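*Asks:* sequence-free structure coming up:
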């Protein structure tokens with residue numbers, strides 16, 4: 001059966017999106033691949049389809065538990081029962097049971113830390129692994145938006161289990177990041193690269209520099225369809241929710257909620273029961289809701305990479321959608337504060353090297369010492385480089401806010417790309433206008449808070 005017949009019968013798609021067929025055919029030929037496809041263009045199909053055509057289990061390495069669970073849910077909706085997420089939410093008994101049955105699964109999702117654990121490595125070595133997928137592969141690079149030290153050990157893990165080839169996937173990788181991925185993940189032989197533009201032509205870009213709260217009020221009353229409002233902190237997320245609750249079908253989402261609460265909110269948003277989610281960037285990765293018409297950033301993102309990842313939640317159905325960044329002078333200070341913390345971490349680590357009895361807790365440093373116990377100088381150099389990179393990325397976002405030139409061209413140029421055609425719905429600097437609809441605002445009396453809805457469904461009181 002031809003590939004186009006398979007995607008129709010198995011997945012319900014009439015055609016491949018750009019890059020999918022080339023990546024799939026290369027995997028079926030037994031070659032490793034580095035694929036860069038824009039957010040929302042179907043990266044998961046690139047391993048799901050060949051997974052069904054090749055013998056063995058597909059191991060998908062993912063950085064976030066929420067992302068794993070979303071992918072598992074999507075496969076289950078397609079009728080796949082041989083899929084599981086092996087993560088820290090499971091009990092020791094549950095983890096062991098999955099490992100004992102590992103050969104019966106077609107897809108197993110896990111974090112890089114789980115993949116590298118001795119028990120998992122021994123299990124995977126004893127079963128037939130079709131291939132390994134490294135999702136969000138930019139995490140391998142120190143220049144990436146979310147460097148994770150454990151990713152540097154993945155090449156050792158894949159070599160130990162004897163996997164034949166690897167698929168690395170990302171949506172936002174500059175040429176420098178892609179070079180790092182090739183060097184650090186594909187050590188024995190470079191992977192074939194399929195790199196497609198980060199541009200999403202159906203998304204229009206706007207920056208508003210008026211008073212943010214009033215502007216946001218106007219926007220949520222005027223924009224059509226559902227949307228996401230991103231904030232930099234949990235505190236700001238909850239403040240905005242308190243301001244707008246009762247005006248719309250609206251809720252908030254951040255990493256401080258329980259797993260049960262987060263799953264319920266995702267389901268409500270996907271089902272259309274909620275029109276707007278106010279969220280930190282803990283929400284969005286892997287969320288496949290086609291009808292998101294707008295993404296608003298209430299706070300300045302810290303990098304063009306993160307910005308494109310987050311606005312990429314909009315317009316997955318191909319229809320016109322809008323990315324709106326609200327900015328007030330000084331919004332960058334939160335990121336300066338976080339960068340100062342990185343500087344302090346470096347200083348504290350230098351002290352720790354001289355005074356070994358000092359207690360110092362930092363997630364990045366803790367991971368580094370666990371995976372690279374005798375590489376302190378390399379870590380200091382890494383922290384220095386990461387600090388410089390973050391400053392450059394933040395300055396690029398400030399340049400994006402103030403540019404008088406095409407915003408779309410600005411973003412793709414950051415990734416060393418060039419626009420090849422004009423776009424009628426490009427950005428505010430090129431004459432694009434916000435698509436507004438006078439939303440019928442019906443304030444619901446005695447609106448039931450979303451936490452109460454969750455409580456009713458699960459009959460389990462939730463803490464306020």
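*Replies:* Thanks, I have it. On a predicted model such as this, the values are computed, not experimentally measured, just so you know. Numbering: from 1, shown residues only.

*Asks:* how about the helices in the stretch 51-200 of the chain?
*Replies:* Listed in chain order, the helices of the stretch 51-200 of the chain (DSSP state H, counting those that start in this stretch) span 65-77, 92-100, 112-116, 118-126, 154-161, 175-185.

*Asks:* out of these, flag the one nearest residue 5.
*Replies:* Nearest to residue 5 among these is helix 65-77 (20.1 Å), distances taken as C-beta to C-beta. All C-beta atoms are positioned from the backbone trio N, CA, C, and that covers glycine.

*Asks:* touching the closest one from outside, list them.
*Replies:* The set of residues external to helix 65-77 that reach it, using C-beta atoms under 8 Å, 6 or more residues apart in numbering, is 44, 48, 60, 62, 83-85, 87-89, 107, 109-111, 135-136, 259, 262-263, 266, 282, 285-288.

*Asks:* so who does residue 436 touch?
*Replies:* Residue 436 sits next to 222-224 when contact means C-beta under 8 Å, 6+ apart.

*Asks:* biggest helix in the chain, by residue count?
*Replies:* For the chain, the helix that runs over the most residues, judged by DSSP state H, is helix 376-402.

*Asks:* now do that helix against helix 175-185, angle only.
*Replies:* 150 degrees (axes from the mean of the first three to the mean of the last three C-alpha atoms, to 10 degrees).

*Asks:* sorry, back to before: let me know which of the helices of the stretch 51-200 of the chain is tucked in deepest.
*Replies:* Counting by mean count of other C-beta atoms under 10 Å, helix 112-116 has the highest mean neighbour count of the helices of the stretch 51-200 of the chain, with a mean of 21.

*Asks:* show me what that one is packed up against.
*Replies:* Secondary structure elements in contact with helix 112-116, counted by 3 or more C-beta pairs under 8 Å, 6 or more residues apart in numbering; DSSP states H and E, are strand 57-61, helix 118-126, helix 154-161.

*Asks:* with distance to residue 422 and mean pLDDT added, can I get the ones you listed in CSV?
*Replies:* What follows is the helices and strands packed on helix 112-116, written out as CSV (distance: least, C-beta to C-beta, whole Å; pLDDT from 0 to 100):
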stretch, distance to residue 422, mean pLDDT
strand 57-61, 38, 97
helix 118-126, 49, 97
helix 154-161, 41, 95
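
*Asks:* among these, which comes closest to residue 411?
*Replies:* Comparison of the helices and strands packed on helix 112-116 against residue 411 by C-beta to C-beta identifies strand 57-61 as nearest, at 27.8 Å.

*Asks:* returning to that earlier point: least confident of the contacts of residue 436?
*Replies:* Ranked by pLDDT, the contacts of residue 436 bottom out at residue 224, which scores 90.

*Asks:* quick one, what contacts it?
*Replies:* With contact set as C-beta under 8 Å, 6+ apart, residue 224 has these partners: 293, 435-437, 439.

*Asks:* give me the buried entries from those.
*Replies:* Of the members of these, the ones counted as buried by neighbours, 16 or more other C-beta atoms under 10 Å, are 293, 435.

*Asks:* from the contacts of residue 224, which land in helices?
*Replies:* In this view, those have no member that belongs to helices under DSSP H.

*Asks:* if you look at the contacts of residue 224, which of them are in strands?
*Replies:* Within the contacts of residue 224, membership in strands is found for residue 293, as judged by DSSP state E.

*Asks:* among the contacts of residue 224, pick out the one closest to residue 197, please.
*Replies:* Of the contacts of residue 224, the one sitting nearest to residue 197 (C-beta to C-beta) turns out to be residue 293, at 22.1 Å.
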